[in-house]
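Peer 1: how does the following fold in three dimensions:
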Amino acid sequence: MVVRPARQGKPARSRPPADRHGAALGEEKAGLPARMAAAKLLAAVVDKHAPLDGLTDAQGGNPSYLALDDRDRLLVRAILNSALRHRRTIEALISARLQRPLPAGAQSLGHLLHVGAAQILFLDVPDSAAVDLAVSHAHADPRTARFAGLVNGVLREIVRRKERALPAALAASRDAPDWLIARLEETYGEAETIAILAAHRHEPAIDFTVRADAAGWAEKLGGVVLPTGSVRVARLAAPVPALPGYDEGAWWVQDVAASLPARLFGDIAGLRVADLCAAPGGKTAQLAVAGARVIAVEKSASRARRLETNLQRIGVDVEIRITDLFDMDPAEAFDAVLLDAPCSSTGTIRRHPDVAWTKTPEDIVKLAELQYRMAVFAMRLVRPGGLMVFSNCSLDPLEGETVARRLIAEVEDCLPAPLSAGELPELEPFISPEGHLRTTPAGLALDDPRLSGMDGFFAARFRRRA
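Peer 2: Have a look, this model is predicted:
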């Protein structure tokens, strides 16, 4: 069945807005506000490049999302994650059921269809409910009311054919913007790019960095100990704050890849270490637990409060300074400095699928220049002979390898301090020929697919000339 969009000239005739039981839509239909909020947030991500975390933040998030109860908020997040994680696949399945493209300027209709299709294809929502609520949503929005029949036809056709059509669409689609695919292929080659994009399609497991006794905590949390020492759990038995060990700060949630840069310093017990751009505090906690005297630097006051809360729960003693990195003028240089710089976050798409649709190539260029300036300044904070680790969660070499090479070429006191497998044998699979740390979402392939994968990270180590 092929469904034709209504012509733009004359509005298509339709019955007065009513649900399938004949109830007037003046009264709010159960489940409808959540679907409308999901479409509104999807529009903000795709059309305005707004980060999903900001849209769903408890303090300054989107009003339509904040008006929902906790259960509906979880549903909205699930819908959006699925709609963004499989955006190209959903797009292909919708397009195949249209005789011609949707009218120009019909973005609201497109987002509505994506929200409905995401539920049908990827969530445990009854197909009839997903279609019914999508049609009600179309009637309730003046921009889409005349397309209610089209919404009904397209989604019902997706329901009828999904068992065969979805596997074919997944095999034929690449769920990422063309520019991102091109950059990945240029850097990692076609085979690795396919593996990275496949990893993006799977909901990632939860990783924990533990203070001690990884095997014991893996047993208590129902997970496994990874080769790097993190504990990984495929599915949590309870919300994170309700898990054993949370109140006593025995562990903290941190992707395995994010836990690696802090380990590149080696033995730092008793050393004075600065963690720049410290929030939310996972790396800060690692440094403190390793025995360093840590000064955590954070520019944002709100992020600094979050950092303080997290470190208090973990129970580590850290000095927090709220200041811009470029305003720092310490009386005494640091033995070591960790700069986990702001970046495009393309290495975290498996956890944050909105990143693929909110970032642009221009963002990467701007962020790479900022990272270089931050790294140059950070190197000045290190005592002669001390170490600096530069890291970020980008997959793009412009934000990683290129910054590292530029530092060595242009900063007189900056010497490479390459990593070696003999020094960190558990990290050998992630050490590049140049001695940098490089992980991708396709890394850490385990027998159980639910336990495989990791964020994409880059880290390079430097020593200040003595």
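Peer 1: for Ile196, see how far away Leu226 is.
Peer 2: As judged by Cβ to Cβ, to the nearest Å, Leu226 and Ile196 stand 19 Å apart. C-betas here are computed from N, CA, C, even on glycine.
Peer 1: with neighbour numbers in mind, choose between these two.
Peer 2: Ile196 (26 against 21; other Cβ atoms under 10 Å).
Peer 1: who touches that one in this structure?
Peer 2: With contacts defined as Cβ atoms under 8 Å, 6 or more residues apart in numbering, Ile196 is in contact with 184, 188, 395, 440-442, 456.
Peer 1: quick one: which of these is the most crowded by neighbours?
Peer 2: Leu395 leads the contacts of Ile196 on contacts (other Cβ under 10 Å) with 30 neighbours.
Peer 1: that one reaches Ser345, doesn't it?
Peer 2: No - judged on Cβ atoms under 8 Å, Leu395 makes no contact with Ser345 at a distance of 9.4 Å.
Peer 1: Met328: how many residues sit nearby?
Peer 2: So Met328, with other Cβ under 10 Å, has 16 neighbours.
Peer 1: that one reaches Val297, doesn't it?
Peer 2: Yes - counting by Cβ under 8 Å, Met328 touches Val297, with 6.9 Å between them.
Peer 1: what do the two both touch?
Peer 2: Arg321.
Peer 1: partners of the strand or helix carrying Val389, with directions?
Peer 2: Per DSSP states H and E: Val389 is located in strand 382-392. Paired with strand 382-392 in the same sheet, following DSSP bridges, are strand 334-340 (parallel), strand 457-464 (antiparallel).
Peer 1: would you mark the buried spots in the shortest one?
Peer 2: Going by neighbour count (16 or more other Cβ atoms under 10 Å), the buried part of strand 334-340 is 334-340.
Peer 1: can you show me the CA trace of that strand as CSV?
Peer 2: C-alpha atoms of strand 334-340 as CSV (Å, rounded to 0.1, in the frame of the first residue of the first chain):
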residue,chain,number,x,y,z
PHE,A,334,51.2,21.0,39.5
ASP,A,335,53.0,17.7,39.3
ALA,A,336,50.4,16.5,36.8
VAL,A,337,47.4,18.0,34.9
LEU,A,338,44.5,16.2,33.4
LEU,A,339,42.6,18.1,30.6
ASP,A,340,39.5,16.3,29.5
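Peer 1: any chance you could list what contacts the helix or strand just after that strand?
Peer 2: Next along the chain after strand 334-340, taking DSSP H and E as the criterion, comes helix 355-358. The contact list for helix 355-358 (Cβ under 8 Å, 6+ apart) reads 45-46, 49-52, 84, 87, 175-177, 180, 200, 344-346, 348-349.
Peer 1: stretch 52-63 now?
Peer 2: Here stretch 52-63 makes contact (Cβ under 8 Å, 6+ apart) with 37, 40-41, 44-45, 65-66, 73, 76-77, 80, 84, 302, 352, 354, 358.
Peer 1: need the buried ones from those residues selected in PyMOL.
Peer 2: To isolate the buried members of the contacts of stretch 52-63 in PyMOL, using 16+ other Cβ under 10 Å:
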select buried, resi 37+40+41+44+45+65+73+76+80+84+352+354+358
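Peer 1: single out whichever of the contacts of stretch 52-63 has the smallest pLDDT.
Peer 2: Least confident entry in those, by pLDDT: Ser302, with 91.
Peer 1: now the element after the helix or strand where it lies, going C-ward?
Peer 2: Here Ser302, judged by DSSP H and E, is contained in helix 301-314. Sequence order places strand 319-322 as the next helix or strand after helix 301-314, per DSSP H and E.
Peer 1: buried sites along that following strand?
Peer 2: In strand 319-322, counting by 16+ other Cβ under 10 Å, buried: 320-321.
Peer 1: give the pairing partners of that strand; include direction for each.
Peer 2: In the sheet, strand 319-322 lines up with strand 293-298 (parallel) (DSSP bridges).
Peer 1: so Val115 sits in a strand?
Peer 2: No - read with DSSP: H, G, I helix; E, B strand; the rest coil, Val115 is helix and lies in no strand.
Peer 1: surely it is in contact with Ala134?
Peer 2: Yes - if you go by Cβ under 8 Å, Val115 and Ala134 touch, sitting 7.0 Å apart.
Peer 1: who touches both of those two?
Peer 2: Joint contacts of Val115 and Ala134 (Cβ under 8 Å, 6+ apart) are Arg35.
Peer 1: which residues of the stretch 101-250 of the chain fall in strands?
Peer 2: Using DSSP state E, counting those that start in this stretch, the strands of the stretch 101-250 of the chain run over 206-210, 224-225, 231-233.
Peer 1: I'd like to know which elements the first one is packed against.
Peer 2: I take that to be strand 206-210. Using 3 or more Cβ pairs under 8 Å, 6 or more residues apart in numbering; DSSP states H and E, the elements in contact with strand 206-210 are helix 214-221, strand 231-233, strand 251-253, helix 282-289.
Peer 1: and the first one, how far out from the chain middle?
Peer 2: Helix 214-221 has its C-alpha centroid displaced from the chain centroid by 26 Å (Cα atoms, centre = their mean, to the nearest Å).
Peer 1: I would like the residues contacting it, please.
Peer 2: Outside helix 214-221, the residues that reach it (Cβ under 8 Å, 6+ apart) are 208, 210, 223-225, 229-231, 233, 237, 243-245, 250-251.
Peer 1: just the buried residues of those.
Peer 2: For the contacts of helix 214-221, buried by 16+ other Cβ under 10 Å: 208, 210, 223-225, 230-231, 233, 243, 245, 250-251.
Peer 1: surely Val273 touches Thr284?
Peer 2: No - the criterion here is Cβ under 8 Å, and Val273 misses it with Thr284 at 9.3 Å.
Peer 1: just want to know which of these two has more residues nearby.
Peer 2: Taking neighbours as other Cβ under 10 Å, Val273 and Thr284 compare with Thr284 leading, 29 against 26.
Peer 1: contact partners for Ile295?
Peer 2: Ile295 neighbours (Cβ under 8 Å, 6+ apart): 272-275, 318-321, 334.
Peer 1: ok, now with 6 Å
Peer 2: 274, 319 (Cβ atoms under 6 Å, 6 or more residues apart in numbering).
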